[in-house]
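1. Okay, structure incoming, though there's no sequence with it:
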């Protein structure tokens, strides 16, 4: 967005969750304090760090009086975000992870958009940046933005959720994550992140989006997602990650069933079954010693949810060709599992080909 007007009247509260990220934290904090939008409450939540992250937080609190630091016992990302929400004073709220990078106009652009459209959420595009390039993030993002015809799109809640649960991965990622967005404080009323759970955003974002009347989205890149060693999937797949991933979508299905949103319930159940196939494929390739035990658990959950999903697609026709292809993959995976005891993970490459297609 060219010629961003700087309206600093509204305070924005930024909640930064921090745990043992000393290597990246200073670049993250500097990208926040150097924002062109200045009316910020910067809440650094040190979630019981055992490295120098806590000292870096205190150092910057002395440098910039907009920063307040919360040192707390380790409780996980959700707990850190919830603690930040308790002290947030701003009209608008933003969540940042301590290894993120924000382009200098991140808040100026998102604030202008959320005001322009009287929206509940404004969001931008993000770019994965290798940790070795973190210091060059601004130049990298500038280069990519020069290639973009910058556009703005406005959705209601149902359209946003249709993108969230659609066939393509790219729109889903833009909708599910919380750190590329600016929220009105009101839209987060009653929302807490699930303490003790992984996949925090999958547990939370659909509930926030459903509350919205209007979401504005720009394809301008304003956020750098730093691809750190800690961000890369380990060769071992933890059982809790599998359980929480699938549980988040089970909770989503129950939520939409409660509110009579049959299409969204069906889409959420389809995503659950897609994730079963993906997780089974990843476990197959993992170094897990309990590989077969995990695959058996995934198969059991897949079968449990399959029948309900098939009932729904029989009574709700789909007109999207990609959705129909995914449905076909799910049905083939089910038949192979039931008739030949073949692992559904073998269908993961076919699934990836569909969901990873460029927009």
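-> Sure, I can see it. Bear in mind the structure is a predicted one, so any value in this text is a computation, not a measurement.

2. any weak-confidence spans in the stretch 151-300 of the chain?
-> By pLDDT under 70, the weakly predicted segments of the stretch 151-300 of the chain are 229-235.

3. Please enumerate the strands of it.
-> For the stretch 151-300 of the chain, the strands defined by DSSP state E, counting those that start in this stretch occupy 152-155, 181-184, 215-227.

4. Test for you: state the pLDDT assigned to residue 21.
-> On pLDDT, residue 21 comes in at 94.

5. Distance of the closest residue in space to it that isn't next to it in sequence relative to residue 120?
-> Distances taken as Cβ to Cβ, 6 or more residues apart in numbering put residue 98 closest to residue 21, at 4.5 Å, once the chain neighbours are dropped. For glycine as for every other residue, the C-beta is placed from the backbone atoms N, C-alpha and C. Here the criterion is Cβ to Cβ, to the nearest Å. By it, residue 98 lies 26 Å from residue 120.

6. higher neighbour count, those two?
-> Taking residue 98 and residue 120 together and counting by other Cβ atoms under 10 Å, residue 98 has the greater number of neighbours (27 against 22).

7. Now the more buried one. Its backbone dihedrals?
-> Residue 98 adopts backbone torsions of phi -70, psi 0, taken as degrees, to the nearest 10.

8. any idea how far it is from residue 60?
-> 12 Å.

9. Spell out the secondary structure type for residue 70.
-> strand (DSSP: H, G, I helix; E, B strand; the rest coil).

10. What strand or helix carries residue 50?
-> Using DSSP states H and E, residue 50 sits within no helix or strand.

11. need the contact list for it.
-> residue 20 (Cβ atoms under 8 Å, 6 or more residues apart in numbering).

12. And for residue 273?
-> Under the contact definition (Cβ under 8 Å, 6+ apart), the residues listed for residue 273 are 302, 305-306, 309, 330, 333.

13. Quick check: residue 12 touching residue 108?
-> No - Residue 12 is beyond contact range of residue 108, at 10.2 Å (criterion: Cβ atoms under 8 Å).

14. what sits in contact with each of the two?
-> Joint contacts of residue 12 and residue 108 (Cβ under 8 Å, 6+ apart) are residue 37.

15. which one of the two has more residues nearby?
-> Taking neighbours as other Cβ under 10 Å, residue 12 and residue 108 compare with residue 12 leading, 25 against 21.

16. Test of understanding: give the bridge partners of residue 126.
-> Using DSSP bridges, the bridge partners assigned to residue 126 are residue 223.

17. out of the contacts of residue 273, which is most surrounded?
-> residue 333 (27 neighbours).

18. Brilliant, that's me finished.
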